[in-house]
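Participant: Task: produce atomic coordinates for the following.
(6 chains)
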4 protein chains.
Amino acid sequence: MSSPRGRPRSERARLAVLDAAADLLIEGGMAAATMEAIAARAGVSKATIYKWWPSRGHVALDSFFTRTKPTMAVEAGATLEDTLIAQVGALAGLLRDPATASLMRETVAVAQTDPDIRSALDTRWLRPRRAAVEGVLRDAAERGEIRADVDFAAAMDQLFGPLYYRLLFRHEPLDERLAETLVRQMLAGLSP
Amino acid sequence: MSSPRGRPRSERARLAVLDAAADLLIEGGMAAATMEAIAARAGVSKATIYKWWPSRGHVALDSFFTRTKPTMAVEAGATLEDTLIAQVGALAGLLRDPATASLMRETVAVAQTDPDIRSALDTRWLRPRRAAVEGVLRDAAERGEIRADVDFAAAMDQLFGPLYYRLLFRHEPLDERLAETLVRQMLAGLSP
Amino acid sequence: MSSPRGRPRSERARLAVLDAAADLLIEGGMAAATMEAIAARAGVSKATIYKWWPSRGHVALDSFFTRTKPTMAVEAGATLEDTLIAQVGALAGLLRDPATASLMRETVAVAQTDPDIRSALDTRWLRPRRAAVEGVLRDAAERGEIRADVDFAAAMDQLFGPLYYRLLFRHEPLDERLAETLVRQMLAGLSP
Amino acid sequence: MSSPRGRPRSERARLAVLDAAADLLIEGGMAAATMEAIAARAGVSKATIYKWWPSRGHVALDSFFTRTKPTMAVEAGATLEDTLIAQVGALAGLLRDPATASLMRETVAVAQTDPDIRSALDTRWLRPRRAAVEGVLRDAAERGEIRADVDFAAAMDQLFGPLYYRLLFRHEPLDERLAETLVRQMLAGLSP
DNA sequence: TCTTAAACGAGACGGTACGTCTAGTCTTCTA
DNA sequence: TAGAAGACTAGACGTACCGTCTCGTTTAAGA
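Facilitator: Numbering: from 1, shown residues only, chains lettered A, B, ... in the order given. Predicted coordinates for the structure are as follows:
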């Protein structure tokens, strides 16, 4: 029943840091989002940031999660194709937003270096989305709508992989019709 | 017929830098591959590195290209499926090697920040591979082996995207049978 | 009544820098007293030095002033000759100490390049000494002990100039009896 | 009787180096007269400079000697006072020229660090001038024009020291009448 | 109301790496 | 063989952030 003694953590400071970090990341990428700059922009002491986040990457990750809306609901009563298109399209739509794209790119880049960030990204971002869509697909397999011997993991990769591929390499835009094309092409196959 | 004046560039230094950089990148990632460390390890002056490479990212990129074997030949006289599996499998095999994987991850991460690096990666790495496989697919379309209305770009993304997706997020390994699964699933589709 | 915010300046660091700089200057001259070496020897960050001193020359100057005792008192109740000998002798004695001589030589050398240093040396070192002795001489002139048409500035130069001349060119030592000789010769003249 | 094999030393290069060095020294002091800058300005290879001069200081010294006219003749048939004034005045006149003053200041500064330079300056510059004037004074002493117990070295310091003192500290200008004042004041003394 | 203790801002600190500069040396071709 | 060109190693330069630290100053819960 004891409540913590002393001055409570400042919510104002927490939000100011996440906001400043997100803005800096979007404007100038990881290079611009130095601890010094985040602290200055947030009007917060560096020590305060270090008290609550262990590294720059964690601040970036938190900014990303804070700025990005949930968008993961699976609607009932729709065809398999429509459901998949909705799911993949939702992610594509998110990544089409330049600010979100920027944050996601930086987060992936940081994750290559920091295992902490990578596992958080995996647990809190990647897996839930894959699991949701994989569930849809497994249900369809049980109903006989798709073949039973499908490699579900590979199928997830073929739906989501292209989005990150285009996000990171930018060889093609993440246009409106991409989700539809990916889903249709995967379900029907290329053979005539 | 004129020969260049002055002392010629030292091939020894060039190779030592690329080697040192690659080793450091593999061992400790971009964080370990400081210019200072590369110079020390290569037994080369920092000034010499800056003379020939504009940034750390460029050295990393060059290391990657130097360390990575060509692996892009398209063999004649094989079925479409076998050709695609061979191509995708070649890249998967490359990225399965921990050292190459490490270099590739760092290169992609750097590319998010440095547009120079990104365009070099695009021009010298991504496009040739996509173009080769796209050619194979377009030939097959002309012969009527696959549908004519295929979105070739999306198809390339569905073959290569999953590889980079697994490389960068590490949610699943890049195992031996992945290429085969990806190709078969894409050609035949998931429908029964 | 407001007290300064933040961590207060470290007196330990300030003294360590001045000490290290003085030692290095004495041991190996300006060439040895690099910022890098001073920082290393003082166990202080280079950034800290640059924060408080704008250049190497300023550190050298400060070292000199810190290491050099005041020695400028004018005693009352003595003959003109004795007073002058005491004053000139005090400076000669200071410059006879190898460490002080070394610091002074470096400081003069630096002053040739850096106007800041030169003016500080002028204001804080040269002028007070000249003024003190010039005062003694002007009093004597008023009392009629010396001629009234003396060029006081030139007289100062004839007393102090020889000391610096010997310090910098080292053609003759700054021996014990120099001050006495200079004063006597100046007062009495060379004529029989 | 053998004449040297190969291409003879280029007098053009030697003069170009000394000229470039002197100009740079006058314009921006020792800081501006880098080997790089001298070589570039002279249109000469750095290696060539290092071949003939052991250090930057030596080039500076040589520039100084090359640029500075002899001015050391002792005229016969004049009073002691006039002879001394002529000698001291000649040096003062030289040091009044801003370019020469600049070169001399830099040379003295360098001499504090480089013993080679110091000894060259002593041998080729200081001693001859002092010896010439000391000779004049000793002759006068023999003729009984001045006292016999004069400290000649100190007397030289009282004539020349003030000039260098003013040159290096710049507390007073090296004006036209300085030589006369110094000589008269020294010969007659300050006493009434 | 007063104490107490954690959180806060400010900012100085020891470090590390940055990218630049100059010193000297070395290597090649040309005169 | 001297010289010009210019690449090389070595190492200091001054700057920018890092992550830590020491201050004096809030701020709310508990006494």
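Participant: got a list of what the closest residue to residue A:103 other than its chain neighbours touches?
Facilitator: Distance criterion C-beta to C-beta, 6 or more residues apart in numbering or on different chains; nearest residue to residue A:103, sequence neighbours excluded, is residue A:64 at 4.5 Å. For the C-beta atoms, the positions are set from N, CA and C on the backbone; glycine is no exception. Applying C-beta atoms under 8 Å, 6 or more residues apart in numbering or on different chains to residue A:64 gives the contacts A:22, A:103-104, A:107.
Participant: can you pull the pLDDT of residue A:64?
Facilitator: As summarised for this prediction, residue A:64 has a pLDDT of 93.
Participant: Go ahead and confirm residue A:38 touches residue A:21.
Facilitator: Yes - look at residue A:38 against residue A:21 with C-beta atoms under 8 Å: they come within range, at 5.0 Å.
Participant: Give me the common contacts of these two.
Facilitator: residue A:59.
Participant: before we move on, back to that, could I get the contacts of residue A:64 in a markdown table, plus columns for distance to residue C:140 and secondary structure?
Facilitator: Output for the contacts of residue A:64, formatted as a markdown table (distance: C-beta to C-beta, whole Å; DSSP: H, G, I helix; E, B strand; the rest coil):
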| residue | distance to residue C:140 | secondary structure |
| --- | --- | --- |
| A:22 | 78 | helix |
| A:103 | 82 | helix |
| A:104 | 86 | helix |
| A:107 | 83 | helix |
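Participant: which one of these sits closest to residue C:17?
Facilitator: Minimum distance to residue C:17 across the contacts of residue A:64 is 40.9 Å, recorded for residue A:22 (C-beta to C-beta).
Participant: returning to that earlier point: wait, does the host helix or strand of the residue nearest to residue A:103 contact DNA strand E?
Facilitator: Residue A:64 belongs to helix A:56-67 when assigned by DSSP states H and E. No - using C-beta under 7 Å from any atom of the strand, helix A:56-67 never reaches DNA strand E; the gap is at least 13.4 Å.
Participant: quick check, the helix or strand just after that helix touching chain B?
Facilitator: Remark: after helix A:56-67, the chain's next helix or strand is helix A:80-96, criterion DSSP H and E. No - for helix A:80-96, no contact with chain B is found by C-beta under 8 Å from any C-beta of the partner chain; the gap never falls below 9.3 Å.
Participant: Check the offset of stretch A:184-192 from the chain's centre.
Facilitator: 27 Å (C-alpha atoms, centre = their mean, to the nearest Å).
Participant: Stretch A:154-168 too?
Facilitator: 13 Å.
Participant: any idea of the mean pLDDT in it?
Facilitator: Averaging pLDDT along stretch A:154-168 yields 98.
Participant: ok, back up a step: format the contacts of residue A:64 as TSV; extra columns: neighbour count and pLDDT.
Facilitator: Listed next are those as TSV, based on neighbours: other C-beta atoms under 10 Å in any protein chain shown; pLDDT from 0 to 100:
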residue	neighbour count	pLDDT
A:22	24	97
A:103	24	94
A:104	22	96
A:107	24	96
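Participant: and of the residues you listed, the nearest to residue A:154?
Facilitator: Among the contacts of residue A:64, and counting by C-beta to C-beta, the member closest to residue A:154 is residue A:104, at 22.7 Å.
Participant: Can you tell me how far the closest one is from residue A:90?
Facilitator: 14 Å (C-beta to C-beta, to the nearest Å).
Participant: Now do the contacts for residue A:111.
Facilitator: A:57, A:117-118, A:121, B:168-169.
Participant: Quickly find the element holding it.
Facilitator: Going by DSSP H and E, residue A:111 is in helix A:98-113.
Participant: what does chain A have sitting close to DNA strand F?
Facilitator: So chain A meets DNA strand F at A:2-8, A:34-37, A:46-47, A:50, A:55-56 (C-beta under 7 Å from any atom of the strand).
Participant: Buried among those? Need that as a selection in ChimeraX.
Facilitator: Entered in ChimeraX, the line below selects the buried ones among those, by 16 or more other C-beta atoms under 10 Å in any protein chain shown:
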select /A:35,37,55,56
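Participant: Among the residues of chain A next to DNA strand F, which are located in strands?
Facilitator: Judged by DSSP state E, strands contain none of these.
Participant: By pLDDT, rank the residues of chain A next to DNA strand F and give me the bottom one.
Facilitator: Taken together, the residues of chain A next to DNA strand F show their lowest pLDDT at residue A:2, with 57.
Participant: coming back round to it: including distance to residue D:42, could the contacts of residue A:64 go into a markdown table?
Facilitator: Shown next, in a markdown table, are the contacts of residue A:64 (distance: C-beta to C-beta, whole Å):
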| residue | distance to residue D:42 |
| --- | --- |
| A:22 | 57 |
| A:103 | 56 |
| A:104 | 57 |
| A:107 | 56 |
